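Chemist: Sharing a sequence plus its predicted fold:
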Protein chains: 2
Amino acid sequence: MSSLRSGRAARLRDQAAVRSRLAPVLRKLKPIEVVDANAIDRIHNASCAILEDVGIEFRDPIALEHWRRVGAAVAGERVRIDRTLLMELVAKAPSEFQVKGRGANTGFTMGGDTTVFCPMKGAPFTRDLDGKRRSTTESDVINFARLTQACPSFHMAGGFTCEPMDIAVPHRHLVMMRHHLVETDLPLFGIGTSRERAEDCLAMARIAMGHVMDSAVTIWMHASGNSPLVWDQAMLDGARVFADAGQAVLCSPFVLAAANTPADVAATIAQVNAEALAAIAYMQLYRPGTPTVYGQYTVSISMRSGAPMAGTPEVALITSVIGQLARKYRLPWRSSANHASSKSFDAQSGFEGATTMMTGINAGANLMLHAGGWDEGGLVICYGKFIADDEQNQLMARYARGISFERFDEALQAVRRIGPGGHYLGDSFTLDHFREAFAMPEAMDFSSYEQWSSAGSEDMAARCRRKARSLLEDHAATAINPNVRDELDDYVARRKTEIDPNIR
Amino acid sequence: MSSLRSGRAARLRDQAAVRSRLAPVLRKLKPIEVVDANAIDRIHNASCAILEDVGIEFRDPIALEHWRRVGAAVAGERVRIDRTLLMELVAKAPSEFQVKGRGANTGFTMGGDTTVFCPMKGAPFTRDLDGKRRSTTESDVINFARLTQACPSFHMAGGFTCEPMDIAVPHRHLVMMRHHLVETDLPLFGIGTSRERAEDCLAMARIAMGHVMDSAVTIWMHASGNSPLVWDQAMLDGARVFADAGQAVLCSPFVLAAANTPADVAATIAQVNAEALAAIAYMQLYRPGTPTVYGQYTVSISMRSGAPMAGTPEVALITSVIGQLARKYRLPWRSSANHASSKSFDAQSGFEGATTMMTGINAGANLMLHAGGWDEGGLVICYGKFIADDEQNQLMARYARGISFERFDEALQAVRRIGPGGHYLGDSFTLDHFREAFAMPEAMDFSSYEQWSSAGSEDMAARCRRKARSLLEDHAATAINPNVRDELDDYVARRKTEIDPNIR
């Protein structure tokens, strides 16, 4: 019993060590440029021409009225925006803003050379702790909120990481918010798919961390656009609620390249850019200074199945150019990390995940979204992959910090000490510095075949599921005032009685 | 029977289509720079200081005599090389050279903006067509030579892709060369671990493609250095034989960072750079103008198991800086692709593989080595991974070619045709161009979960093993003159009687 207890105590100490959160990543690498300045100008001009000549639809009477007031040409739901007006509005968007959660050890600057990580969002299916695929349930929402808190790499919580299919649609946002606000202390995404839901999310956020909301952005709206060239009322309603509360809006066109855009990489970028800029401009028109983030979720589609494809060369190129554009406009921007389309957590997940990850990091993304759990094109959240992704995030953070020359001269003295034919393992410099000089991953296994076999021949998926299980078993509740938790629970209970679960 | 025949005919047609070889990749992406020019100068100066003050060992009386003749300070086996002499010699290395195999559809420029792919080398173990790990045999050597030929992405053959453990060590080079020369028509690596073996390889290459060797590089020596700061006689003996024949020498320090170098990324690079430059300088001293390639195989080591770790952030940074250095010296250089350390072909293999791959491509490597089959830190060649890697190579080739603006204006017309809220699937531009606009991978599966399940729920490893099996079943012999093949077989038979299989 005492040994069991001390075992658990040791695990908790380990967990506490693990839980020291990764600092927001200050990138030292010059962002990659896959096209030259001339090409960026061509794309920018094409985006402007699209908004001037073709226009974009705001399927929302309020927004149309706002556009009319500033002199944009509105015909039906079609808005044609002159490039001078467009860029004047975009220029009102802050190039950086401060984000904070309720936890003391949370918060980051959004924009500039900072990169942060956030788990995936919206999965209706879960690849569970046994590797089986099934509908997501409320208990998964709780588990993934706990894992978000327990895994060191996440600076934001997904908020709607996965969809509890056992909860009526009109009640889901309440459940997802409650669990994320209680189980994590991070800034997070709210749900803004209608005015009412957005108001619920903000009311609950105010209960949990109203004191933080007054001075910083704590909760974000993820506004997805309907490509090609449509922003709809539900999203805009929600976005206005978040903007009114001084919170952030991610303006993220959702694009299946070649289905929603021309079958051409450069023209796809021009269209996506037009869509993102129009939404950012609108948010600045609605409430100047609103913290907005340049988003885009672009995947190519399989002409065989219609399914989204993540780790493809064209997606990597598109993402990289979006980064160049965002810097031109001095806007914080999001990319995706660890995207994958595989039906099991296998080599394909790894290839796709690392390709999108390297792309986003090299492109200098500020927010690495979907950086935990994403597989099957976003239909699935995978317990194993969530753990693996968390480690990949930490490794990429080390990469993005670049090369330090702080100990260079001292290290070169070691070369003089050891000379040809020796080895450095016993050298004082090695003993002092190898721990921090080179990453030592754990989810990735670097033992010998013999060690690995005798430890049970677990592949990465099995190892990571075991780690997820252990983190959940040893889960320590985040510090939250019980009165606050009760108030949240009361709010959810009350709203559940007020909102008919059978309407949509 | 007739349907079986026609099935096989169809497969062969498919295979012929697949077998149209990927063109050497002309990179359009500006290589990534992870440190600035000042940092590159610091590293260069540190490398020079190491060679001037610490020196490097050439454990080889012939090389020592050569160094003495040009005025380097030789003490015992230690050679101290002044930076003026060093850079004078390095400047004699061609910045580009022409490479050609015996096949009509082979050949590339080594250097500049060209990237080519070559499979892995040296695996004593094989993860076989059933996914089981076992010793490599001669039949694996044959199979992987055939797969190298059948997979479109490989511009070079590994030559010693895997080690036939069922063949006596002193006879292995004969067997590996014979099978690669017969089963592939590509330029390839020879084996130069002794003067005698190098001479055998060159004699056999001359039988198979002597006419090509007169005007181009067809066979390369892979000279591995012993870090820290040692080049040994066996490698130098072999390298001189290849240089005498006008063939290429890859000068590649083999580095376990923190074991063979200081526990510091920048100092590791400085030492590796000193090692590579010293070998290139020596080859130019021995025979000015010898085609040399700046190599390095650097991995960090696990302090838990001592095993090499590939997909780590430090390896990515080191590789990127080596690229910056190679460009400074105007030398063609190699990186590694698809490196992995996993004990099964799982997500870890994918994460590590894609991380090293993206790194090498973004860093602008000319030769992507180990780009097929590598797992378990190089101890294993994996049939499944070989197929997956081949597809990754093709995808990365598309990425490296960057974004074309050739159809940009035409594609933007489609935006005007479709406008907001439509879709592009039926548009004439889409129908004309989607096939080439977006990659459509096959080893990566993008079907729906339902399609995937009903097709047998194969993970990537299983799918790729199946593809490998099918390619081998449908294998079509490369065109080789039967007399040439017989002459090669006679050479091997004769040398097997001359070389005692029991000596090493």
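Modeler: Great, that's in hand. Fair warning: this is a prediction, and the values are worked out from it, not measured in the lab.

Chemist: Grab the longest strand from chain A for me.
Modeler: When chain A is parsed with DSSP state E, its longest strand is strand A:248-257.

Chemist: Can you tell me the SS state at the residue in chain A that chain B sits nearest to?
Modeler: Relative to chain B, the nearest point of chain A is residue A:350 (2.2 Å; Cβ to the nearest Cβ). Quick note: C-beta positions are derived from backbone N, CA and C, even for glycine. Assigned by DSSP: H, G, I helix; E, B strand; the rest coil, the conformation of residue A:350 is helix.

Chemist: is the longest strand of chain A anywhere near chain B?
Modeler: Yes: residues of strand A:248-257 contacting chain B under Cβ under 8 Å from any Cβ of the partner chain: residue A:257.

Chemist: Could you list every helix and strand that that strand packs against?
Modeler: When contacts are defined as 3 or more Cβ pairs under 8 Å, 6 or more residues apart in numbering or on different chains; DSSP states H and E, strand A:248-257 sits against strand A:219-226, helix A:233-244, helix A:265-286, strand A:292-294, strand A:297-301, helix A:313-329.

Chemist: can you put these in a markdown table and add mean neighbour count, distance to residue B:461 and mean pLDDT?
Modeler: Shown next, in a markdown table, are the helices and strands packed on strand A:248-257 (neighbours: other Cβ atoms under 10 Å in any protein chain shown; distance: least, Cβ to Cβ, whole Å; pLDDT from 0 to 100):
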| stretch | mean neighbour count | distance to residue B:461 | mean pLDDT |
| --- | --- | --- | --- |
| strand A:219-226 | 26 | 34 | 96 |
| helix A:233-244 | 22 | 41 | 97 |
| helix A:265-286 | 27 | 31 | 98 |
| strand A:292-294 | 28 | 38 | 98 |
| strand A:297-301 | 25 | 24 | 88 |
| helix A:313-329 | 23 | 23 | 97 |
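
Chemist: could you dump the ones you listed to CSV with distance to chain B?
Modeler: Putting the helices and strands packed on strand A:248-257 into CSV (distance: least, Cβ to the nearest Cβ, whole Å) gives the following:
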stretch, distance to chain B
strand A:219-226, 7
helix A:233-244, 14
helix A:265-286, 3
strand A:292-294, 19
strand A:297-301, 4
helix A:313-329, 4
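
Chemist: Next, format the ones you listed as JSON lines and append distance to residue A:87.
Modeler: Shown next, in JSON lines, are the helices and strands packed on strand A:248-257 (distance: least, Cβ to Cβ, whole Å):
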{"stretch": "strand A:219-226", "distance to residue A:87": "19"}
{"stretch": "helix A:233-244", "distance to residue A:87": "20"}
{"stretch": "helix A:265-286", "distance to residue A:87": "8"}
{"stretch": "strand A:292-294", "distance to residue A:87": "14"}
{"stretch": "strand A:297-301", "distance to residue A:87": "23"}
{"stretch": "helix A:313-329", "distance to residue A:87": "8"}
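
Chemist: Let me know the secondary structure of residue A:57.
Modeler: Under the three-state scheme (three-state DSSP), residue A:57 adopts strand.

Chemist: If it is in a bridge, with which residues?
Modeler: Taking DSSP bridges as the rule, residue A:57 bridges to residue A:78, residue A:230.

Chemist: pLDDT at it, what is it?
Modeler: Predicted confidence (pLDDT) at residue A:57: the value is 98.

Chemist: Likewise for the one 10 residues further on?
Modeler: We have a pLDDT of 98 for residue A:67.

Chemist: what's near enough to touch the residue nearest to the spatial centre of chain A?
Modeler: Residue closest to the mean C-alpha point of chain A, counted by Cα atoms, centre = their mean, is residue A:369 at 1.8 Å. Residues in contact with residue A:369 (Cβ atoms under 8 Å, 6 or more residues apart in numbering or on different chains) are A:118, A:120-121, A:295, A:334-337.

Chemist: From residue B:479, how far out is it?
Modeler: Per Cβ to Cβ, to the nearest Å, residue A:369 is found 52 Å from residue B:479.

Chemist: Confirm for me that residue A:127 is in contact with residue A:386.
Modeler: No: with contacts counted by Cβ atoms under 8 Å, residue A:127 stays clear of residue A:386, the gap being 9.6 Å.

Chemist: Can you pick out the residue with more neighbours from the two?
Modeler: More neighbours surround residue A:386 than the other of residue A:127 and residue A:386, with 31 against 26 (other Cβ atoms under 10 Å in any protein chain shown).

Chemist: What ranges in chain A fall below the confidence cut-off?
Modeler: A:1-19, A:504 (pLDDT under 70).

Chemist: Look up phi and psi at the closest residue to residue A:429 other than its chain neighbours.
Modeler: Among residues not flanking residue A:429 along the chain, residue A:414 sits closest, at 4.3 Å (Cβ to Cβ, 6 or more residues apart in numbering or on different chains). When quoted as degrees, to the nearest 10, the phi and psi of residue A:414 stand at phi -60, psi -40.

Chemist: Tell me how far residue A:414 lies from residue B:77.
Modeler: Per Cβ to Cβ, residue A:414 is found 21 Å from residue B:77.

Chemist: Have a look at the two and say which one is more surrounded.
Modeler: Taking neighbours as other Cβ under 10 Å, residue A:414 and residue B:77 compare with residue A:414 leading, 23 against 20.

Chemist: and the nearest residue to residue A:82 once chain neighbours are set aside, how many neighbours does it have?
Modeler: Counting by Cβ to Cβ, 6+ apart, residue A:52 is the residue found nearest to residue A:82 once chain neighbours are left out, at 6.0 Å. Using other Cβ under 10 Å, residue A:52 is surrounded by 16 other residues.

Chemist: Next, the contact list for residue A:52, please.
Modeler: Contacts of residue A:52 (Cβ under 8 Å, 6+ apart): A:80-83.

Chemist: swap in residue A:389?
Modeler: By Cβ under 8 Å, 6+ apart, the neighbours of residue A:389 are A:119, A:337-338, A:353, A:371-374.

Chemist: Could you pick out the residues of the stretch 51-200 of chain A near chain B for me?
Modeler: Proximity of the stretch 51-200 of chain A to chain B, by Cβ under 8 Å from any Cβ, involves residues A:53-57, A:78, A:125, A:133.

Chemist: Where neighbours are concerned, which of those residues has the most?
Modeler: residue A:56 (29 neighbours).

Chemist: neighbouring contacts of the helix or strand encompassing residue A:139?
Modeler: Assigned by DSSP states H and E, residue A:139 belongs to helix A:138-150. Contacts with helix A:138-150, where a contact means Cβ under 8 Å, 6+ apart, come from A:15, A:18-19, A:119, A:126, A:128, A:154, A:157-158, A:161-162, A:164, A:166-167, A:175-176, A:179-180, A:182-186, A:372-373, A:381, A:383, A:386-387, A:468, A:471-472, A:475, A:478.

Chemist: go on, stretch A:297-310?
Modeler: With Cβ under 8 Å, 6+ apart, stretch A:297-310 has contacts from A:224, A:252-259, A:268, A:272, A:312, A:314-315, A:318-319, A:322, A:336, A:339-341, A:352, A:355-356, A:377-378, B:434-435, B:438-441, B:444, B:446-448, B:451.

Chemist: For the stretch 1-150 of chain A, just list every one of the strands.
Modeler: A:25-26, A:56-59, A:73-75, A:78-80, A:96-99, A:108-111, A:114-117, A:125-127, A:133-135 (DSSP state E, counting those that start in this stretch).

Chemist: Deepest-packed of these, please.
Modeler: Comparing the strands of the stretch 1-150 of chain A by mean neighbour count (mean count of other Cβ atoms under 10 Å in any protein chain shown), strand A:114-117 comes out on top with a mean of 26.

Chemist: Many thanks, have a good one.
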